[in-house]
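Enquirer: Model the structure of this input:
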Amino acid sequence: MIKMTKKQKFPHTLAVFTNDKLKMFHIWQTSQDNLKNVSVVNALSKARYALSGRLSAQASATSSFNRVVLKESKYWAVEYHDLKDVNKDELQIMYNLVKEDLENKHYKCLTRNPQVRHQTKKYSGRKQRFMLIENMKKDRIESYASNMLEDCVNDNINIQTAKTEIYKSVTNVKSTVNNISELWAHVKYNYDKAA
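Expert: Residues are numbered from 1 along each chain as shown. The predicted structure is shown next:
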């Protein structure tokens, strides 16, 4: 297992996804040699998978980028910044420079907690844990619903009202929404003006 420390250096690339029409961006940090999996096509595939309702689509459904990339999909582009060998601090500095440059050009960062995320293989081999609606409290469901509503990029949505409606709908006895992927599909198809 590789765990990046402040001193160790590894080759990294910043894949910078931008949408000129929406004026939004996402920075995907990767240490992959083959960047074909870090492309707009791959991102769109993950975004469609996030809506599948499968338990295994949970990670895709919880990512803001995967929720927004379907919006104005033909306007998304990716640019790669090959950083060669960098340590953790250098990688964070480069990430921040790219982020600040785009924000100065009035682009909005899609990531709610922007920071470099390192692929350490820390969770490799562990049993995947799923977030089921039946196990979640009201505030957690409403928090996810609120973020998802924001990711619909629909100014006509009253998020405070809608998140409560969604909570009541998905916790209703007759609801067929059982997991995060199904929750995202419910929000997208019921609240996104372009769905």
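Enquirer: alpha carbons only for contacts and neighbour counts from here, please
Expert: Fine.
Enquirer: Now do the contacts for the closest residue to residue 62 other than its chain neighbours.
Expert: Using C-alpha to C-alpha, 6 or more residues apart in numbering and skipping the chain neighbours, the partner closest in space to residue 62 is residue 180 (7.3 Å). Contacts for residue 180 (C-alpha atoms under 8 Å, 6 or more residues apart in numbering) come out as 53, 55, 58, 61, 62, 131, 132, 133.
Enquirer: Just give me the least confident of the residues you listed.
Expert: Lowest in pLDDT among the contacts of residue 180 is residue 131, which has 84.
Enquirer: what number of residues lie near that one?
Expert: Residues lying near residue 131 (other C-alpha atoms under 10 Å) number 14.
Enquirer: quick one: it from residue 178, how far?
Expert: Distance of residue 131 to residue 178, given as C-alpha to C-alpha, to the nearest Å: 9 Å.
Enquirer: got any ranges where this structure has weak pLDDT?
Expert: Residue ranges of the chain with pLDDT under 70: 1-6, 114-129, 194-195.
Enquirer: Find the centremost residue of it, please.
Expert: residue 63 (2.2 Å; C-alpha atoms, centre = their mean).
Enquirer: Over to it: give its phi and psi.
Expert: Main-chain dihedrals, residue 63, degrees, to the nearest 10: phi -90, psi 120.
Enquirer: how close does it sit to residue 92?
Expert: According to C-alpha to C-alpha, residue 63 stands 20 Å off from residue 92.
Enquirer: domain ranges for the protein?
Expert: Residue ranges for the domains of the chain, per automatic domain parsing: 10-109, 133-191.
Enquirer: Quote the end-to-end distance of the first one.
Expert: Going back to what we said before, that points to domain 10-109. Where domain 10-109 begins and where it ends lie 25 Å apart, using C-alpha to C-alpha.
Enquirer: how far out from the middle of the chain is that domain?
Expert: 8 Å (C-alpha atoms, centre = their mean, to the nearest Å).
Enquirer: The last one now?
Expert: Taking the mean of its C-alpha atoms, domain 133-191 sits 16 Å from the chain's own mean (C-alpha atoms, centre = their mean).
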